[in-house]
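Asks: Have a look at this fold, sequence not included:
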């Protein structure tokens, strides 16, 4: 197990290195942040001053080397725009995004799995067919459009729910959370639902396919021959087998929920990381972009690791291997 | 006569295929009396398994229809509401299936899969159920039962899994056990152990058994009465002795004559065809003896010396080799033209790997192989192509070895065209000729594989192998998946072709009775090594090595009068997995007769 963890950590560090080189080179090619940041009236002296203070006067490999050595001590550089440590900026915004993503995932699971199981058990019933039609809509309608319709309907027309912001938060272990206040919850509901819609559709389809496949297997027939009631066969024998492929996909989807909730955050003016990164890209704020992507890589690695561990718990045939 | 515990009358089962109802079981009636074993025997598609599933009402209600009566303990099972049926399944009637590998849920612990039945039907608490589960595992002779409760099915071998399945089926002391081909997927020594176990448990518990099988040997071994099914109908019912001694229905006689019986070849030197039965009269045509086809004057067509094939098992981040599967270890053999050498052994003994290594479908580690005087292991690309013209392979599954989207005519023509033996037009003529030669008609060339039955498909595979006019055919379990009557026809065809073209066969099989019929010489493999080799008569009539003896003793004999309670050892088949530093011991062989050698420990 420890060997396994070690080899996974090495993989993560390698990914981080490759990613940082790519981003560095990519941003260098795209353009000069100074052109974007400075107003056109700035004098050449001011210009040189800014360039030097950002460290952009050095050759690009030297800039990279500087970044790398500082990164090892936990310093990912200061934001060109805010002149604050990039890491701190992002970590400040992170709880809002994490909260949104987790709530969306929970909604996805709570609705997706039962509906998927039902659709898998009775594929020909009217309810199943409507569920499947809904899931096609959830897949194909663009998130931003649904988000806008939700705002129009529930906030503007009906006035039931607020359209933007996080609402009241309470600190949990020093981190502000909206989940535990009524106001916060009402702010959270629309964006989370918006984000969850695609996940619900995905989970429904995966669960349905898994259930249909598992119901054909010999051990289900044997379970029936054992005289077990259908309810137990589905909840114990079928569901656990269906979960196996689901876990991998859900893990990956959770990562993308956190990293790319940009659209939803923009529509609902949710103060999360997504908004920050979009702004940073617009002004080529390299430290923030880099720090954000590095956090994303680490997050994906950690989620994948958790998925693998969970996988080995659910499926005894999978053994985690490392050079121990 | 005792009152029957299960009575089936006028059972009819139909399936909806497309929009039509197709009747697959017609008017089947029979009784099972207390403590009696009744076997339903028949070939694939005869409706025997459907009969068993109909009794248990396990067929999908939407696409199947069952009518008639199934009386059990004063109730008609076909009329019961589902929850009443659920309290009979697994409780009053236990059932086990063919595939022990897939009957158990791979992600649930063995213990839980046993206890859930006890909790469900006998209302036990969890701790009581666990104690009872240990007792059940001990009852089916699983060693250190208690520690195995927390293991998953993957940690059990096929035979052990079938024991677990039996333990589950017997958990609530059922009055009746329905066993649907429970030993078909198992090796012959393991099959013997399981049959023995079922017989012993039946005596201990005093239950009745309904046994479904295609294997006449198994029927003779265990059943009191037998129902023969053919195309959905029960064509003959009687005591097993009666049926074996004087079957009335032509189909039963055809089935029995096609059953290869171990020991039926005693005193004969050459292979023997199976008798053919006229299905209308039931008359058996006398068999034509085979000619002596072995070319003793010419050099052997296949010469294998010291063949070794090992597979590295790698683990971990650096993919280090942690051990090796010694699949084939120091195998040497010769095969002459017109001769059949059989490689026999149980799963994992390396017989298939040996066959594949010989024509380099699997890379050998060391040794020398000569086919028609040409060195196989050192051959370059074009030389290898030439060698493969001489040596063709036929596989076990005739469906999987034909591409479903290619017309069989094209499949057979492909090797002819690739090897540049003929142009497209000539190839077409050759295909027609080949199809006729294997007993199909030339007009079938335009069909796709799914339009053929299993036996016909295997004929197509043989035609394709013959397309290059090889001198050597490696047949890897080529008849194992076929029904007995079809199996007999394909074996007869192979013998005909050998007579006509002097083919050498390397016949790889686990089926001792078929091997006895077709071989001139036999090599017995165990854990990658040949433990005994010699003329077929010598090996079968005078086996020397312990493993050969065990293998022979395990084969069910299709003759109820020769039934015996044999003492079968409960040994598992060993594993050829060895640590990295394992050095195979130097083996020495002793001679028992002319050309008959066996390994001495």
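Replies: Arrived safely, thanks for sending. Keep in mind the model is a prediction, meaning the values are calculated, not measured.
Asks: give me the number of residues near the residue in the stretch 501-601 of chain B positioned nearest to chain A?
Replies: Residue nearest to chain A within the stretch 501-601 of chain B (C-beta to the nearest C-beta): residue B:580, separated by 15.4 Å. Heads up, the C-betas are built off the backbone N, CA and C, glycines and all. Other residues lying near residue B:580 total 11 when counted by other C-beta atoms under 10 Å in any protein chain shown.
Asks: Only the buried residues of the helix or strand harbouring residue B:252, if you could.
Replies: For residue B:252, the host element (DSSP states H and E) is helix B:250-258. Across helix B:250-258, burial judged by 16 or more other C-beta atoms under 10 Å in any protein chain shown covers B:250, B:251, B:252, B:253, B:254, B:255, B:256, B:257, B:258.
Asks: Check what pLDDT the fifth one gets.
Replies: The predicted local distance difference test score for residue B:254 is 82.
Asks: mean confidence for stretch B:114-126?
Replies: For stretch B:114-126, the mean pLDDT works out to 92.
Asks: close to chain A, is it?
Replies: Yes: Stretch B:114-126 is in contact with chain A by C-beta under 8 Å from any C-beta of the partner chain, via B:116, B:117, B:120, B:121.
Asks: And the buried residues of helix B:250-258, which is closest to chain A?
Replies: Using C-beta to the nearest C-beta, residue B:255 is the member of the buried residues of helix B:250-258 that lies nearest chain A, at 27.3 Å.
Asks: That closest one contacts residue B:216, doesn't it?
Replies: Yes: here residue B:255 reaches residue B:216: they are 6.7 Å apart, a contact under C-beta atoms under 8 Å.
Asks: okay, and the common contacts of these two?
Replies: Residues touching both residue B:255 and residue B:216 (C-beta atoms under 8 Å, 6 or more residues apart in numbering or on different chains): B:41, B:484.
Asks: Give me the distance between residue B:398 and residue B:141.
Replies: 37 Å (C-beta to C-beta, to the nearest Å).
Asks: An error on my part: the question was meant for residue B:438.
Replies: 46 Å.
Asks: The two: which has the busier surroundings?
Replies: The neighbour count for residue B:438 versus residue B:141, taken as other C-beta under 10 Å, is higher for residue B:438 (22 against 16).
Asks: pLDDT at the more buried one, what is it?
Replies: pLDDT, residue B:438: 85.
Asks: pLDDT weak spots in the stretch 101-250 of chain A?
Replies: The model of the stretch 101-250 of chain A has pLDDT under 70 over residues A:174.
Asks: In it, which residue sits nearest chain B?
Replies: Counting by C-beta to the nearest C-beta, the stretch 101-250 of chain A gets nearest chain B through residue A:227, at 3.3 Å.
Asks: low pLDDT regions in chain B?
Replies: In chain B, residues with pLDDT under 70: B:1, B:278-282, B:316-319, B:562-573.
Asks: Just say helix, strand or coil for the closest residue to residue B:358 other than its chain neighbours.
Replies: In this structure, residue B:358 finds its nearest non-sequential neighbour in residue B:369, 5.7 Å apart by C-beta to C-beta, 6 or more residues apart in numbering or on different chains. Here residue B:369 is strand, with the state taken from DSSP: H, G, I helix; E, B strand; the rest coil.
Asks: Now the residue of chain B most remote from its centre. Nearest residue, chain neighbours left out?
Replies: The C-alpha centroid of chain B is most remote from residue B:125, which lies 41.3 Å away (C-alpha atoms, centre = their mean). Nearest non-adjacent residue to residue B:125, counting by C-beta to C-beta, 6+ apart: residue B:119, 7.8 Å away.
Asks: what about residue 69, neighbour count?
Replies: As the question left the chain open, I've gone with chain A. 10.
Asks: my question was about chain B
Replies: 14.
Asks: just wondering, since we're on it, how far is it from residue B:5?
Replies: Computed as C-beta to C-beta, the residue B:69 to residue B:5 distance reads 14 Å.
Asks: again, but for residue B:325
Replies: 48 Å.
Asks: how about the helices of the stretch 151-300 of chain A, start to end?
Replies: Along the stretch 151-300 of chain A, the stretches classed as helices by DSSP state H, counting those that start in this stretch are A:182-215, A:218-225, A:230-232, A:239-259, A:262-267, A:273-282, A:286-314.
Asks: for these, which one sits closest to residue B:477?
Replies: Closest to residue B:477 of the helices of the stretch 151-300 of chain A is helix A:218-225 (C-beta to C-beta; 22.3 Å).
Asks: contacts for the closest one?
Replies: With C-beta under 8 Å, 6+ apart as the criterion, helix A:218-225 contacts A:214, A:232-233, A:237-238, B:56, B:58, B:89-90, B:94-97, B:99, B:102-106, B:165, B:168-169.
Asks: contacting residues around the residue nearest to residue B:358?
Replies: Counting by C-beta under 8 Å, 6+ apart, residue B:369 touches B:302, B:303, B:304, B:305, B:307, B:357, B:358, B:375, B:376, B:377.
Asks: so which of the residues you listed would you say is closest to residue A:193?
Replies: Nearest to residue A:193 among these is residue B:357, at 61.1 Å by C-beta to C-beta.
Asks: List the residues that contact that closest one.
Replies: Listed by C-beta under 8 Å, 6+ apart, the contact partners of residue B:357 are B:307, B:309, B:328, B:363, B:364, B:369.
Asks: mind listing what residue 119 touches?
Replies: Went with chain A since none was named. Residue A:119 makes contacts with A:127, A:128, A:131, A:132, A:204, A:207, A:208, A:211, as judged by C-beta under 8 Å, 6+ apart.
Asks: that's the other chain; I wanted chain B
Replies: Residue B:119 is in contact with B:125, B:126, B:129, counting by C-beta under 8 Å, 6+ apart.
Asks: Next step: the residues you listed restricted to helices.
Replies: B:126, B:129 (DSSP state H).
Asks: for chain A, what are the nearby residues on chain B?
Replies: Chain B has residues B:56, B:58, B:83, B:86-91, B:94-97, B:99, B:102-108, B:116-117, B:120-121, B:152, B:154, B:165, B:168-169, B:315-318, B:320 near chain A, with proximity defined as C-beta under 8 Å from any C-beta.
Asks: could you flag which of those are buried?
Replies: Buried by 16+ other C-beta under 10 Å: B:56, B:58, B:86, B:88-91, B:94-97, B:99, B:102-108, B:116-117, B:120-121, B:152, B:165, B:168-169, B:317, out of the residues of chain B next to chain A.
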